[in-house]
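A.B. asks: coords below, sequence missing:
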RNA sequence: GGUCCUGUGGCCGAGUGGCUAGGCAGUGGUCUGCAAAACCAUCUACAGCAGUUCGAAUCUGCUCGGGACCUCCA
């Protein structure tokens, strides 16, 4: 198995160190990633996180691990704020749109799936919902209660952070000190239910007007935001599992609370390796639903936006993201995207060129070493930009072989061919952009005729006519390119 | 205000105490009737100041700039 001969190192947000990854069970990995709260369309920033972890998932699979990848859908419990009258985001949207909450959930879950599919993300193995795990959440609250880390107040249940901090370290993930947190807390209305402003809701009492509520030992209510991830990750991956991922902005308080809840409920540290994907910025600022600084995937794929001016293929956007490390901030711009598009095409050209290579004699470079660099890059905390740079190194070599300037042996060719495709398609999750073979119908026939006539003109060295046809077609957004074996055309 | 991250060539982005990242753009070529595409070659760097060191873009301190979190966000 590949994972036995590759030492994978992962930067652990919990320790701040790059650590050698060892799974709890040999050959198996439990991976949990915080999914979206489905009350609006996913934007590109959201997508970056999910694409980052898609690559993590893909590389683990490539290494031969059997991975259980769980990514939740939060469809209840995510409050507008932590004040007493904080409204559930789904419920609020439902109220505003005059729809059933589950209609909201369905609409945006479908959008989420569609978009991630366009980015060629693999689906997780389990995609549990918060509403589907109310019982598990209630049970977890009871465990936390039994262990003395929760208290009830007016039908709501809160996590006792200060009590927890006596025997544990609240803030260990986000590197915060509890005193700083207390002094930095803003006073929100309606926090009198809580013993301390740091305490967070495990269960919220539902007012009569609330539309999403469930029975519990504490009356009708709904679960707190952080709880569903703890309940579902524990259920499907165990009390302690291998990797938990999510966006950097979830580190505090969401993930901090997860650690506290999990530890309080089971006595075990819930997660060995915490991974945080960094933000995608637009105009130098984080993409964010609340500030409106966002770009929706559809706006990007259609070119219907003010930022870029034209459409880009989802795979090009994915490649653009691969050229930055997941833990670095990445800024989105038309210029950067254009550069990626051309680079992507170059990489695809090279993979095409593999078909035209005839292996012969000895290899003029050390192919094993080159492939070793592919692995080394990914083993070093999933360093996709380094991997990409080595793929370009391979690109240069492949074109050299094709041009007869370099040579490759047949065994090396098989290895390189396999590795190039494995890393490009399986690990990075790229794919050839297949022109939408939309049925052009009569246009195909017409173009065939036109190009035939132009070819005739070229053979007669009637360049004026040949060029005029090409120019006129270009005005009609049809680009003609002359290759060695005839002309090709494509509609822009 | 508190905590933390970051500042690389025209643009995007890796990285290590001494050894070419890479992509795009630019420049020069190859190919082509021309054009486009493709391919080859190649230039520009490490925010500022001080320190540690034989040697620092890489370590330390300070200054200036950018960002994240501290309230919901991937």
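C.D. replies: Everything's here; your move. No experiment lies behind these values; they were computed from the predicted model shown.
A.B. asks: which ones are touching the closest residue to residue A:224 other than its chain neighbours?
C.D. replies: Closest residue to residue A:224 apart from its sequence neighbours, by CB to CB, 6 or more residues apart in numbering: residue A:201 at 3.8 Å. Where you see a C-beta, it was placed from the backbone N, CA and C, and this is true even at glycine. Shown in contact with residue A:201 (CB atoms under 8 Å, 6 or more residues apart in numbering): A:79, A:82, A:156-159, A:224-225.
A.B. asks: the strands in the stretch 1-150 of chain A, which residues?
C.D. replies: Applying DSSP state E, counting those that start in this stretch to the stretch 1-150 of chain A gives strands spanning A:9-12, A:17-20, A:28-33, A:66-71, A:150-153.
A.B. asks: where do the domain boundaries of chain A fall?
C.D. replies: Per the record, chain A has its domains at A:2-277, A:309-427, A:442-491, by automatic domain parsing.
A.B. asks: deepest of these, which one?
C.D. replies: Ranked by mean neighbour count, these are led by domain A:2-277 with a mean of 19 (mean count of other CB atoms under 10 Å).
A.B. asks: mean confidence (pLDDT) on that one, please.
C.D. replies: Computed over domain A:2-277, the mean pLDDT rounds to 92.
A.B. asks: how about the strands of the stretch 1-150 of chain A in TSV, adding distance to RNA strand B?
C.D. replies: Shown next, in TSV, are those (distance: least, CB to the nearest atom of the strand, whole Å):
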stretch	distance to RNA strand B
strand A:9-12	9
strand A:17-20	9
strand A:28-33	8
strand A:66-71	10
strand A:150-153	18
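A.B. asks: okay, these in CSV with distance to residue A:392 next?
C.D. replies: Output for those, formatted as CSV (distance: least, CB to CB, whole Å):
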stretch, distance to residue A:392
strand A:9-12, 23
strand A:17-20, 25
strand A:28-33, 29
strand A:66-71, 29
strand A:150-153, 54
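A.B. asks: residue A:365 is nearest to which of those strands?
C.D. replies: Evaluated over those, closeness to residue A:365 peaks at strand A:9-12, with 26.7 Å, by CB to CB.
A.B. asks: chain center to the closest one: distance?
C.D. replies: Centroid separation between strand A:9-12 and its chain, computed with CA atoms, centre = their mean, to the nearest Å, is 18 Å.
A.B. asks: residues in contact with it: which ones?
C.D. replies: Defining contact as CB under 8 Å, 6+ apart, one finds that strand A:9-12 is touched by A:17-21, A:243, A:272-275, A:327, A:379-382.
A.B. asks: how about a cut-off of 7 Å?
C.D. replies: A:18-21, A:273-275, A:327, A:379-381 (CB atoms under 7 Å, 6 or more residues apart in numbering).
A.B. asks: before we move on, what about stretch A:100-107?
C.D. replies: A:38-39, A:75, A:90-91, A:93-94, A:97, A:211-212.
A.B. asks: and the nearest residue to residue A:463 once chain neighbours are set aside, how far is that from RNA strand B?
C.D. replies: Spatial nearest neighbour of residue A:463, excluding adjacent residues (CB to CB, 6+ apart): residue A:457 at 7.9 Å. Per CB to the nearest atom of the strand, to the nearest Å, residue A:457 is found 8 Å from RNA strand B.
A.B. asks: where's residue A:457, which helix or strand?
C.D. replies: Counting by DSSP states H and E, the element that carries residue A:457 is helix A:442-459.
A.B. asks: alright, calling it a day.
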